[in-house]
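In: one predicted model, sequence on top.
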Amino acid sequence: MMKRGGIAFWGTAVLFLVAVLAATQLVTNEYPFFAGYVILQFIVLSVAWSVLGGYAGYVNFGTSAFFGVGVYTGILLFKAAGAPLFVQIAAAALVGAFLGFAVGLLTLRMQGIFFSIATIALTIVIETTVTNWRFLGGAAGIQIQRPPVTAPFHSYVQMLVFVQAILVVLAVAVARYIQNSWIGRGLQALRDDELAAECTGVPTLRLKMVACVISGALMCAAGAPAAMYLQYADPASAFNLNYSVSVLAMALIGGTSHWIGPVIGAIVLGVTQQLLAVTISSEVNVLVLGVMLVLFVVAAPEGIIGLFRKSRRAEGKT
């Protein structure tokens, strides 16, 4: 069963990448790529958040910190050495892993609201540091001149969409592996009852550190191409707490009990926000985000995945 599931997963992943690549060659309108990039970016962030926030149950509001670090890591390497995009992403992932390890050492002994507050403080500290770093533009921000696009892509945004699609496959593959491995079982045990897990020999602190490192690496990697996407970055937007709130909402709406939940939540909420931005106004997005989050927390705390499982059980009884 596991082998067949793996074949189906990787087959779907290859088809997904082929479809994205084909779209870059066939679709001439640039807007779907601008919107698609944002949705794919949030899928990576949501899946990365669920590794620590979903599997381990540690509610992390530091997504904006890791995302912003990824953005400015890419800017630093591009401005200082003209590094290509894949180097920026790889370096951002390494920086994110190191930052996740450092944050884990400082905060993972905290629990509940204390851990969440500590992750918010992390965002403020890093944003303040970047704001006073003149080489990276400081508070005024920095303009980025994109390098020439490489074949077979016709525009840089198309290439960024394909790169972000690869990151989606990588993030989902990592989350899937964790869920099906001893790491995922250990994280689920400490989420249910951390003290009981420790008493039965589960290395809870080590598992939380692993989750924090992986989550941080994926979040920073997702943020690295953002400056090239916008051709501009400033601390206020790169470290915006809306990233933390949106990603948390996407994971909860989709469901955190399975790796597919954050993917579904990010697609549902991301597509809704993009449609509203075109048809009504982007200002409505915050209202929709709040309403959907309240509705799912009250009516479906296990998210869309929970609703699907309930319907399957109801069908089985009939």
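Out: That came through fine.
In: any idea how far residue 286 is from the residue nearest to residue 194 when sequence neighbours are not counted?
Out: On the basis of CB to CB, 6 or more residues apart in numbering, the spatially nearest residue to residue 194 that is not a chain neighbour turns out to be residue 204, at 5.7 Å. (Glycine included, C-beta is placed from N, CA and C.) With distances taken as CB to CB, to the nearest Å, residue 204 is found 36 Å from residue 286.
In: same question for residue 69.
Out: Counting by CB to CB, the gap from residue 69 to residue 286 is 24 Å.
In: the more surrounded of the two?
Out: The residue with more neighbours, out of residue 69 and residue 286, is residue 69; 28 against 13, by other CB atoms under 10 Å.
In: can you tell me the closest non-neighbouring residue to that one?
Out: When the adjacent residues along the chain are set aside, residue 69 lies closest to residue 220, with 5.5 Å between them (CB to CB, 6+ apart).
In: could you count how many residues lie near that neighbour?
Out: A count of nearby residues for residue 220, using other CB under 10 Å, gives 31.
In: so which bits of the helix or strand it falls within are buried?
Out: According to DSSP states H and E, residue 220 maps onto helix 204-223. For helix 204-223, the neighbour count (16 or more other CB atoms under 10 Å) marks 204, 207-223 as buried.
In: show me what the helix or strand following it packs onto, helices and strands only.
Out: The C-terminal neighbour of helix 204-223 among helices and strands, as given by DSSP H and E, is helix 226-230. Counting contacts by 3 or more CB pairs under 8 Å, 6 or more residues apart in numbering; DSSP states H and E, helix 226-230 is packed against helix 63-81, helix 156-180.
In: out of these, which one sits most buried?
Out: Across the helices and strands packed on helix 226-230, the average number of neighbours (mean count of other CB atoms under 10 Å) peaks for helix 63-81, which reaches a mean of 25.
In: please name every helix or strand in contact with it.
Out: Here helix 63-81 is seen to pack against helix 31-53, helix 85-107, helix 113-131, helix 204-223, helix 226-230, strand 232-233, helix 235-238, helix 242-254 when contacts are counted using 3+ CB pairs under 8 Å, 6+ apart.
In: can those go into a markdown table with extra columns for mean pLDDT and distance to residue 142?
Out: A markdown table is the format used below for the helices and strands packed on helix 63-81 (pLDDT from 0 to 100; distance: least, CB to CB, whole Å):
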| stretch | mean pLDDT | distance to residue 142 |
| --- | --- | --- |
| helix 31-53 | 94 | 20 |
| helix 85-107 | 92 | 14 |
| helix 113-131 | 88 | 10 |
| helix 204-223 | 93 | 15 |
| helix 226-230 | 91 | 8 |
| strand 232-233 | 92 | 6 |
| helix 235-238 | 92 | 10 |
| helix 242-254 | 90 | 19 |
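In: can you list the ones you listed in a markdown table and add distance to residue 147?
Out: Rendered in a markdown table, the data for the helices and strands packed on helix 63-81 read as follows (distance: least, CB to CB, whole Å):
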| stretch | distance to residue 147 |
| --- | --- |
| helix 31-53 | 17 |
| helix 85-107 | 8 |
| helix 113-131 | 23 |
| helix 204-223 | 19 |
| helix 226-230 | 9 |
| strand 232-233 | 16 |
| helix 235-238 | 20 |
| helix 242-254 | 26 |
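In: quick one: closest of those to residue 307.
Out: Minimum separation from residue 307 across these (CB to CB) falls at helix 242-254, 10.5 Å.
In: before we move on, back to that, can you check which of the helices and strands packed on helix 63-81 gets nearest to residue 263?
Out: Across these, the minimum distance to residue 263, taken as CB to CB, is reached by helix 31-53, at 5.6 Å.
In: ok now that closest one, how far from the chain's centre?
Out: Once both centres are worked out by CA atoms, centre = their mean, to the nearest Å, helix 31-53 turns out to sit 5 Å from its chain's centre.
In: so which of the helices and strands packed on helix 226-230 is nearest residue 12?
Out: Residue 12 sits nearest to helix 156-180 of all the helices and strands packed on helix 226-230, at 9.4 Å, using CB to CB.
In: remind me what that closest one packs against, helices and strands.
Out: For helix 156-180, the packing partners by 3+ CB pairs under 8 Å, 6+ apart come out as helix 2-26, helix 31-53, helix 85-107, helix 204-223, helix 226-230.
In: can we see that at 10 Å?
Out: Helices and strands touching helix 156-180, by 3 or more CB pairs under 10 Å, 6 or more residues apart in numbering; DSSP states H and E, are helix 2-26, helix 31-53, helix 85-107, helix 182-192, helix 204-223, helix 226-230, helix 260-279.
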